[in-house]
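*Asks:* how would this look folded up:
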Amino acid sequence: MKRTLPALLLATVALISGCTESSRSSVDGPPTISASPAGADSDLAARYRNAGGHRDVYGLKYANRQGVLELTVWTRKRSGYGPGFDDFDKTLTSFLTGQGVSLAQGYVLNVYGPEGTRLHHYDTTMEKTS
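*Replies:* All right, here's what the predicted structure looks like:
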């Protein structure tokens, strides 16, 4: 019993410190999301590509969360769209508008690479000043 208690305490400390370190590193790192979009997200992306959208997009979804339109894109590009981002954004929003999605209140766009790392975060919503 005397030997079991110190071993148990040591194991508990190792477990707790390991969990804390793991949690801290995920908070400090870049935001990530699943690298594999759901089936419906893949279908919308296919329609986007067929309509002339960027060929690297393999997942696309939109949702209205608390009055804010959130657009999520999965792309095969590893480093994002760089100077071509404006063209990418224009093509994407034009497609979504054609699908009946209202962008009148602005939107938040997050683009994720193939490993799930966020490549772009673009917010066009109006800031509330009251």
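*Asks:* tell me the strands in the chain, going along the chain?
*Replies:* Counting by DSSP state E, the segments of the chain that form strands are 57-65, 68-75, 107-112, 118-123.
*Asks:* CSV for those, including mean neighbour count?
*Replies:* Yep, even glycine has a C-beta here, placed from its N, CA and C like the rest. Below are the strands of the chain laid out as CSV (neighbours: other Cβ atoms under 10 Å):
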stretch, mean neighbour count
strand 57-65, 17
strand 68-75, 20
strand 107-112, 20
strand 118-123, 15
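*Asks:* out of the ones you listed, nearest to Phe95?
*Replies:* For the strands of the chain, proximity to Phe95 was assessed by Cβ to Cβ; strand 57-65 is nearest, at 8.7 Å.
*Asks:* Looking at the closest one now, give me its mean pLDDT.
*Replies:* Mean pLDDT, strand 57-65: 94.
*Asks:* starting at the chain centroid, how far to it?
*Replies:* When C-alpha coordinates are averaged (Cα atoms, centre = their mean, to the nearest Å), strand 57-65 and its chain have centres 9 Å apart.
*Asks:* Now do that strand against strand 107-112, angle only.
*Replies:* With axes from the mean of the first three to the mean of the last three Cα atoms, to 10 degrees defining the directions, strand 57-65 sits at 150 degrees from strand 107-112.
*Asks:* that older thread, can I get the strands of the chain in CSV including distance to Ala51?
*Replies:* Formatted as CSV, the strands of the chain follow (distance: least, Cβ to Cβ, whole Å):
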stretch, distance to Ala51
strand 57-65, 11
strand 68-75, 14
strand 107-112, 18
strand 118-123, 21
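*Asks:* closest one to Gly100 among these?
*Replies:* Ranked by Cβ to Cβ, the member of the strands of the chain that lies closest to Gly100 is strand 57-65, at 10.7 Å.
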